[in-house]
Structure formats: C-alpha cells, structure tokens
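Novice: Got a sequence here, can you model it:
(2 chains)
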Amino acid sequence: MGLLKNIFGSPTAHAGVTQLPSGSITVDRAGQIVSSTVSSAYPVEVLQAVGKEVLALLHEAHVAQMPLAEVSIHFAVLRITARELRGGAIIFLFPQTALSPISN
Amino acid sequence: MEVRHKILVLDDDTDWLEMSRDILAQLPSKPEVRTASSGKRALAMLDAEPFRLLLCDLKMPRIDGLQVLAIVRRRFPELRTVVLSGLEDEEFRSRAYALGVDMFWLKTEMQANLQMYLECLESLLGREQEGGFRGLQSKGLMDIIQMECLARTSTVLRITRGSLVAKLWIQEGELTDAEAEGARGEKAFLRILTWKSGTFENLPAELNHERTIFKPVNALLLESAQAIDENDGASGDSDEAAQTHRRTVWKLSLLARVGAEFVVAVPPEGQGEHEAMGTEDQTAGQYAQWTRRATEIIKRMGDAVDGGPLLHLDASNVERRLLLVPWENKNFLVGWSPETSDGLFEKTKKLVASWDS
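Specialist: Predicted coordinates:
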C-alpha cells in the first residue's frame, strides 16, 4: 500500500493550494466573521484576514476624509466587493476564472 | 554537456497532453516533457523540481489556469509561461498577459501554425538566445521590428500598451501596414514607435492584407529616430519651465476631454512626490496617502487569497466614484462623477496610459 502511494501519490503534499473562495461573509466592526456562505473547506483564517483588511481599507478612507460606501477590488482571478455595514462590512467574493463569468 | 530543459504541460484533457508530448518532441533542443492534468498536481510538480517552461490551459475544473498562473507568478518568477487555450475571448487574453505570461496561443492557431509555435517555444527555452538569435523579452520595439524584417518572416505583430492596441503587418520581411490609435500606415507606425513599453505578440500572417506602407522599414525607423531626436533637442534646460507648463496644460486638457474630476499619480514610497491635477493640494495629499495605504492592504489581501496582481479598485460614495489603477511603477487614483458609469475602467486605463506619454 505504502509503495503504491509513493509511486502514484502527488509528488509533494500541497496544503496551500485551494480553490478560490466564492460566496459572501459578514464581519462585525472587530473583524470577526458573523456569517458566511463560503465553502467550509476554505480556511477560516484567510477569510478572517480578508475581513480585517477590508475594514482597514474602509477605515483608511475615513481617515483620508473620503468615506466609501462600496469597494470592489479586481484581482486577476478574484473580485472582492465590500459594502460598509454599521461599522462592519458585507464582503462578496467572486472568482474570475475561465469557469466563472468575468464581470467588471 | 548540453542542458535539457524541462517543460511542464498542464491540461485537464489527457488526449491533448498526449498530443502535446508528440508535438514538443519535435523541438530541436529535445526538452524533457512532463504533464499534469490538474492545477494542484502541476503546482506540486513545480515545487518538487525546476522547470523552464509551463504550458498551461485555462479552462480546467477546480483550480483553473488563471489561478495557477497567479500562483506561479508569485512562487516561480523565473518560470516562462505560455497559455494554450481554446477560449477565443480577448478578456482572457488580456487577463493572462496581466498575469505576466510570455505568450498566449489559441489551440486552433497553434495547430494551424505549428512551425511558428515551435520556434516561439524554442526561443523561450533560451536555446536560441544562447546562439545570439532573437527573443521577445526585454527588447525595444525597433529591435523587434528589425529582427522580424531581417529574418524575412511574415507575421502580424500585435503590440499592447495598457488599453492601447496596435498592429504591424510584416510580409516576408517587409513592413506593409500599421494600425494604431485610429491611424493607419506610416502615421500609425511612427506613433507606435513613440511607445516606450508594452507587450508584443506574434499573430499568424495575413497574406492578403492591404498594403499601405511602401517605404523600406529602415528608412522609416531612421525618420522616426530623427523626429524623436529633434523633439528631445528642441526642449533644452533653458525652456524647462515652458515645457513643464505645456505638459500641465496638456494633462489638464486630457482630464477635461475624458471627463474625469481629478487624477493623483502616486510613485512608490521614497521615489518622489505625488502629482495631482483637478484637486487641491491638501486633498491630493490625503488621496495620495490613502492610495499608498490601500495598495499595501490590497497587496496583503491578494497574497492571502492567491488572487493574483491587482488589476484595479473601484470604489464609490455619494460624491464620486474612484478608480485606483496600477500603471508602470505608479498607482493612479482617478475621481469621476457618480453619474459616470459606462466603460469607466476602460476610460481610466486610457487616461493613465496617456498620462506620462
């Protein structure tokens, strides 16, 4: 069994590669995830990091006296759209891949 | 001893992988060809051993080609990448180039122009560069055109600079037509030569394309070089203020023409001051500060989710819409009225592409 696994298994375990997140999350003003429709297989800590960075982005806009109601960040393969929600934010994650429609 | 480069072919179609093996076996340098049928497997193979070139399909289940390329760009910056796709969509082509791929080929084009495809791959593998032949990377436009003409090839060179796209038709080493920014012929050619950076791509030759340029290419290159020299010479240090003034007027007129409210161009930290048009100094400073902070935050976010590089940010409030676009080594924040909606990203890209030209 072990021999076959060595021959036919993946060359190296690659835990870091996951599908792109798809769905929405809601974070409170402290950056804690309140609700999520993203697959549970996607690492929660990454979603939490996204939530905190989005809040930081909106906060910096307040500091610059240009408060933003909505922000869309278009990465090459992922679009993140966020709307401010009573100090927190609702964040939508749209993969922009060959399998999903690309929207601007 | 001659080095045998390794090529990794990634495609979810196993028949295509087999065919690719047969095709790549025709390469003169006889590279070692490995295959992967999933993005996860390909990334694991790239982690495990060094490859010179990745041939990547786009449409694949679970982790698709664009996502793989986004990861590859970050983890293996030295790896040459070629997209081979069946998707005839300009959006995917430009997204792939935004991810830094060396070449984009449609599978149908590749099969119809097999010899050219193999030459391009051989060039990317570096074997021909070692022998002093051509390579498309890090060459000026004049060099590329001269090399195509000296090689007496027939091709269409597609040149992209941001949202600007130009084409040069070359038939058996002679430049026959050019098209750029609504102009054609010699005028278009001279305009293209003023572009200082961009992406080049060889398209299949169009043998029946109408000829509009009859001068030898070297004469045109010489004329262009003289025109550029004269422009440079006419603006010495003595009239630097007048030149700055002209540039400011030109930028303001550009702003008015496209209908944007303001532009703030922000260089990287420690590489000079921001430049702003259409907004007060204090506000421009705040915008520049936010642009710097925002790009840092976005970079961290992009790395966390493996989303690839930032194409642009679109934000809005009741007063205006804002677009943040990275361009060359600067980040541009462009403000628009909230009523502006149609093609805002395209308009912004054109504006920033023209800003420093």
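
Novice: Contact residues of the stretch 251-357 of chain B facing chain A?
Specialist: Neighbours of chain A within the stretch 251-357 of chain B, by CB under 8 Å from any CB of the partner chain: B:283, B:286-287, B:289-290, B:293-294, B:297-298, B:300-302, B:304-318, B:322, B:345. From N, CA and C alone the C-beta is placed, and that goes for glycine too.

Novice: Quick check on the residues you listed: which are buried?
Specialist: B:283, B:286-287, B:289-290, B:293-294, B:297-298, B:301-302, B:304-317, B:322 (16 or more other CB atoms under 10 Å in any protein chain shown).

Novice: from these, which ones fall inside helices?
Specialist: Counting by DSSP state H, those place B:283, B:286-287, B:289-290, B:293-294, B:297-298, B:301-302, B:304-305 in helices.

Novice: which stretches of chain A form strands?
Specialist: For chain A, the strands defined by DSSP state E cover A:23-27, A:33-36, A:70-75, A:78-85, A:88-95.

Novice: Let's see the third one as CSV, backbone CA atoms only.
Specialist: Only the C-alpha atoms of strand A:70-75 are listed here, as CSV (Å, rounded to 0.1, in the frame of the first residue of the first chain):
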residue,chain,number,x,y,z
GLU,A,70,-18.7,50.3,-1.6
VAL,A,71,-15.3,49.0,-2.7
SER,A,72,-14.6,46.4,-5.5
ILE,A,73,-11.1,45.1,-5.7
HIS,A,74,-10.4,43.4,-9.0
PHE,A,75,-7.5,40.9,-8.8
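
Novice: Which strands border it, and is each parallel or antiparallel?
Specialist: Paired neighbours of strand A:70-75 in the sheet (DSSP bridges): strand A:78-85 (antiparallel), strand B:310-316 (antiparallel).

Novice: in the helix or strand hosting residue B:188, what counts as buried?
Specialist: Element membership of residue B:188 [criterion: DSSP states H and E] is helix B:185-192. Along helix B:185-192, the positions that meet the burial threshold by neighbour count (16+ other CB under 10 Å) are B:185, B:186, B:188, B:189, B:190, B:191, B:192.

Novice: so is the residue lying closest to the fourth one once chain neighbours are set aside in a helix, a strand, or just coil?
Specialist: Put plainly, it is residue B:189. Nearest residue to residue B:189, sequence neighbours excluded (CB to CB, 6 or more residues apart in numbering or on different chains): residue B:178, at 3.9 Å. Three-state secondary structure (criterion: DSSP: H, G, I helix; E, B strand; the rest coil) places residue B:178 in strand.

Novice: What's the separation between residue B:341 and residue B:347?
Specialist: Distance of residue B:341 to residue B:347, given as CB to CB, to the nearest Å: 10 Å.

Novice: again with residue B:77
Specialist: Here residue B:77 is placed at a distance of 32 Å from residue B:347 (CB to CB).

Novice: between those two, which one's more packed in?
Specialist: When residue B:77 and residue B:347 are compared on other CB atoms under 10 Å in any protein chain shown, the one with more neighbours turns out to be residue B:347, at 18 against 8.

Novice: Enumerate every residue touching that one.
Specialist: With contacts defined as CB atoms under 8 Å, 6 or more residues apart in numbering or on different chains, residue B:347 is in contact with B:258, B:259, B:260, B:340.

Novice: In a helix, it, correct?
Specialist: Yes: counting by three-state DSSP, one finds residue B:347 located in a helix.

Novice: which residues of the chain fall in helices?
Specialist: Chain wasn't specified; assuming chain A. For chain A, applying DSSP H gives helices covering A:2-8, A:44-63.

Novice: That was the other one, I meant chain B.
Specialist: Secondary structure of chain B by DSSP H: the helices cover B:14-24, B:39-48, B:65-75, B:90-98, B:107-112, B:114-125, B:127-130, B:141-150, B:185-192, B:217-234, B:240-258, B:281-305, B:344-355.

Novice: And the fifth one, how far out from the chain middle?
Specialist: Just to be clear, that refers to helix B:107-112. Computed by CA atoms, centre = their mean, to the nearest Å, the separation of helix B:107-112 from the middle of its chain amounts to 22 Å.

Novice: helices and strands around it, which ones?
Specialist: Secondary-structure packing of helix B:107-112 (3 or more CB pairs under 8 Å, 6 or more residues apart in numbering or on different chains; DSSP states H and E): strand B:80-85.

Novice: How about the second one?
Specialist: Contacts of helix B:39-48 with other secondary structure elements, assessed using 3+ CB pairs under 8 Å, 6+ apart, are made with strand B:6-10, strand B:32-36, strand B:53-56, helix B:65-75.

Novice: list the buried ones in the longest one?
Specialist: Buried residues in helix B:65-75, counting neighbours by 16+ other CB under 10 Å, are found at B:65, B:66, B:67, B:68, B:69, B:70, B:71, B:72, B:73.

Novice: Present these as CSV; the columns should include pLDDT.
Specialist: Output for the buried residues of helix B:65-75, formatted as CSV (pLDDT from 0 to 100):
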residue, pLDDT
B:65, 89
B:66, 89
B:67, 88
B:68, 90
B:69, 89
B:70, 86
B:71, 88
B:72, 88
B:73, 81
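
Novice: Identify the intersection of the residues you listed with the contact set of chain A.
Specialist: Filtering the buried residues of helix B:65-75 for proximity to chain A by CB under 8 Å from any CB leaves B:65, B:66, B:67, B:69, B:70, B:71.

Novice: Let me have those residues in TSV, adding distance to residue B:24 as columns.
Specialist: Listed next are those as TSV, based on distance: CB to CB, whole Å:
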residue	distance to residue B:24
B:65	18
B:66	23
B:67	24
B:69	19
B:70	25
B:71	23
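
Novice: Show me the two of those residues that sit farthest apart.
Specialist: Maximum pairwise distance among those (CB to CB): 10.8 Å, between B:65 and B:71.

Novice: isn't residue B:326 right next to residue B:310, touching?
Specialist: Yes: in this structure, residue B:326 sits in contact with residue B:310. The criterion is CB atoms under 8 Å, and the distance is 5.9 Å.

Novice: Show me whatever sits in contact with both of those two.
Specialist: By the contact definition CB under 8 Å, 6+ apart, residue B:326 and residue B:310 are jointly contacted by residue B:295.

Novice: Now do stretch B:257-269, average pLDDT.
Specialist: Averaged across stretch B:257-269, the pLDDT comes to 86.

Novice: With stretch B:149-166 instead?
Specialist: Mean pLDDT, taken over the full extent of stretch B:149-166, equals 75.

Novice: ok, is that stretch in contact with chain A or not?
Specialist: No: residues of stretch B:149-166 contacting chain A under CB under 8 Å from any CB: none, with a closest distance of 12.8 Å.

Novice: tell me which residues in that stretch are buried?
Specialist: Of all the residues in stretch B:149-166, those buried under the rule 16+ other CB under 10 Å are B:149, B:153-166.

Novice: Need the pLDDT of residue B:235.
Specialist: Reading off the per-residue confidence, residue B:235 sits at a pLDDT of 50.

Novice: ah, wrong one, I meant residue B:222
Specialist: Per-residue confidence (pLDDT) for residue B:222: 71.

Novice: Quick check: the gap between it and residue B:215.
Specialist: Going from residue B:222 to residue B:215 by CB to CB gives 10 Å.

Novice: what about the residue nearest to residue B:189, neighbour count?
Specialist: By other CB under 10 Å, neighbour count at residue B:178 equals 27.
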